[in-house]
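Enquirer: Sequence and predicted model, in that order:
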Amino acid sequence: MASDHRAQVEELLADYRRSRDQLVSMQQSLAAINESVTSPDGTVVATVSGRGTLADLTLSDDAYLRHRPSDLAKLVLRTVTAAVAKASETANRTVSPLLPVQTDPGALLAGEADLTPAELAPAPSRPKHAADDDSYEEVSWLDNPRGRA
């Protein structure tokens, strides 16, 4: 009987080690993701990591000459957004094979896989209590200067 338990424990430990090795491999693969997108006119190149972090942004030497500042800013945002989407898709493809069929890899990577829509909604701001406000509207400093009667 004791050997049966020992065999079960050994099997569970082996499963744990395999799962952990897969997780380490997946984390290394995610860390290696870098996706770049070039703007249609070639003046902006954005590189984003697998975690959605901007890793590099390159503007061509003539980007400032070819675009007005506000247009260049919009072009940078569009290019970075496209790079984020591309890196996200690559990360989703990296994670998908290790997940159960019904699991959304994008939600998992965003930390939202097991949350309900109500839990994802922003928390309502708390109203400020009247006691927190120091109002001196009804006080006249001229009636009783320096606390003298």
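Expert: Nice, thanks for sending it over.
Enquirer: Got the phi and psi for Asp62?
Expert: Per-residue torsions, Asp62: phi -100, psi 10 (degrees, to the nearest 10).
Enquirer: per-residue pLDDT, the closest residue in space to it that isn't next to it in sequence?
Expert: Taking C-beta to C-beta, 6 or more residues apart in numbering as the measure, Asp62 lies nearest to Thr43, with 7.0 Å between them; neighbours along the chain are not counted. C-beta coordinates here come from the backbone N, C-alpha and C atoms, glycine included. At Thr43, the pLDDT value in this model is 98.
Enquirer: What residues does Thr43 make contact with?
Expert: Leu59, Ser60, Asp62, Ala63, Arg66, His67, Leu72, Leu75 (C-beta atoms under 8 Å, 6 or more residues apart in numbering).
Enquirer: among these, which two are most distant?
Expert: Of all pairs drawn from those, the widest gap by C-beta to C-beta lies between Asp62 and Leu75 and measures 13.1 Å.
Enquirer: So those two - more neighbours on which side?
Expert: Leu75 (19 against 11; other C-beta atoms under 10 Å).
Enquirer: Where does the more buried one sit: helix, strand or coil?
Expert: helix (DSSP: H, G, I helix; E, B strand; the rest coil).
Enquirer: Show me what the helix or strand of the chain with the lowest mean pLDDT is in contact with.
Expert: When the helices and strands of the chain are scored by mean pLDDT, DSSP states H and E, helix 117-120 comes last with a mean of 73. By C-beta under 8 Å, 6+ apart, the surrounding residues in contact with helix 117-120 are Glu112.
Enquirer: Find the helix or strand that Glu112 is a member of.
Expert: Remark: Glu112 resides in no helix or strand, with elements defined by DSSP states H and E.
Enquirer: repeat for Thr58
Expert: strand 54-59.
Enquirer: That strand packs against which elements?
Expert: On a contact count with 3 or more C-beta pairs under 8 Å, 6 or more residues apart in numbering; DSSP states H and E, strand 54-59 meets strand 44-49, helix 69-95.
Enquirer: can I get these in a markdown table with distance to Asp4?
Expert: Shown next, in a markdown table, are these (distance: least, C-beta to C-beta, whole Å):
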| stretch | distance to Asp4 |
| --- | --- |
| strand 44-49 | 47 |
| helix 69-95 | 36 |
